[in-house]
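1. let's see this in three dimensions:
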Amino acid sequence: MKNRTISPKRFRKGIYILPSLFTTGNVFCGFYAFIAVMNENYTVAAWAIVFGMIFDMLDGRVARLTNTTSAFGVQYDSLADVITFGMAPAFLMYSWVLKPFGRIGWMAAFLFLLCSALRLARFNTIKPETQGPDFSGLPTPASAAIISAIVIASGEDLIEKASPGVIVFIIYTLAFLMVSNIKYPSFKQTLKKKRVTFPRFLFVILLCYSLATVPKISLFFLSLAYVFLGPLVLWFNQSRKKAAPESQPTNADGKTGRS
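-> All right, here's what the predicted structure looks like:
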């Protein structure tokens, strides 16, 4: 029997199992969130979405560290994100508090899902070499995080359960932010750097400490702060542009003030 050799071209058509396993974990978390919602375990469903965020962060990191990135992995990750960060939060919000609103309630949930899918589709069309250090629009995991944080905080009596009107407003706001052009920091460059400044390192340590010590409170305030970060940075940049002089002052001869 002759020895068979696998060509490099044929090998590249395969699926990298390690990052795909993490993405599959993301899909499982989204599916389990559906099961929990149907059993009216809303806090459990919210935590399932949070764990899906962890798998979503790990699959990309593992793929880059092991040099196993592929077009299949990118598309699989996007489909997983639609399930876990689009459909699951929308279904959670509708079943948790939006059902009394009838058509307005399920249309608000659908709008959240639609904008999540549009946000992911737009992200996939951007070429990697043209992607900057920031995200264009609120990332879908961040929008799902704020919804999960609200449910978890309400379930633990950390905050009062929001009224359906407030939830509808929050969902419409998150949907608008996802499809907007507002810039949000991705922190990818910070994680890729081998060396960072001591204040940044200390910030990461404090962030991990707060999440480990008081995860329910930290998740709520951190996700809320990230959602507001984009509009605040946009407002600050526009205010700075308005405050800056449009042109240098001129004297009577029409010359600038510089000699």
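2. just the CA trace of stretch 57-68, in PDB.
-> The C-alpha atoms that make up stretch 57-68 are tabulated as PDB, following Å, rounded to 0.1, in the frame of the first residue of the first chain:
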ATOM      1  CA  MET A  57     -13.600  36.100  24.600                       C
ATOM      2  CA  LEU A  58     -11.600  32.900  24.800                       C
ATOM      3  CA  ASP A  59     -12.300  31.500  21.400                       C
ATOM      4  CA  GLY A  60     -10.700  34.400  19.600                       C
ATOM      5  CA  ARG A  61      -7.800  34.600  22.000                       C
ATOM      6  CA  VAL A  62      -7.100  30.900  21.700                       C
ATOM      7  CA  ALA A  63      -7.300  31.100  17.900                       C
ATOM      8  CA  ARG A  64      -4.800  33.900  17.700                       C
ATOM      9  CA  LEU A  65      -2.400  32.400  20.300                       C
ATOM     10  CA  THR A  66      -2.400  29.000  18.500                       C
ATOM     11  CA  ASN A  67      -2.400  30.500  15.000                       C
ATOM     12  CA  THR A  68      -5.600  28.700  14.200                       C
END
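3. now that stretch: buried residues?
-> Leu58, Asp59, Gly60, Val62, Ala63 (16 or more other C-beta atoms under 10 Å). All C-beta spots, glycine's among them, are computed from the backbone N, C-alpha and C.
4. in helices, which of the residues you listed fall?
-> The helices, defined by DSSP state H, take in Leu58, Asp59, Gly60, Val62, Ala63 from the buried residues of stretch 57-68.
5. in TSV: the residues you listed, plus distance to Ala225 and pLDDT.
-> Putting these into TSV (distance: C-beta to C-beta, whole Å; pLDDT from 0 to 100) gives the following:
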residue	distance to Ala225	pLDDT
Leu58	23	88
Asp59	25	84
Gly60	23	80
Val62	27	83
Ala63	28	80
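6. so which of these is the closest to Ser143?
-> Gly60 (18.0 Å; C-beta to C-beta).
7. so who does Asn124 touch?
-> Going by C-beta atoms under 8 Å, 6 or more residues apart in numbering, Asn124 touches Val74, Gln75, Ser78.
8. that one: which element?
-> helix 103-125 (DSSP states H and E).
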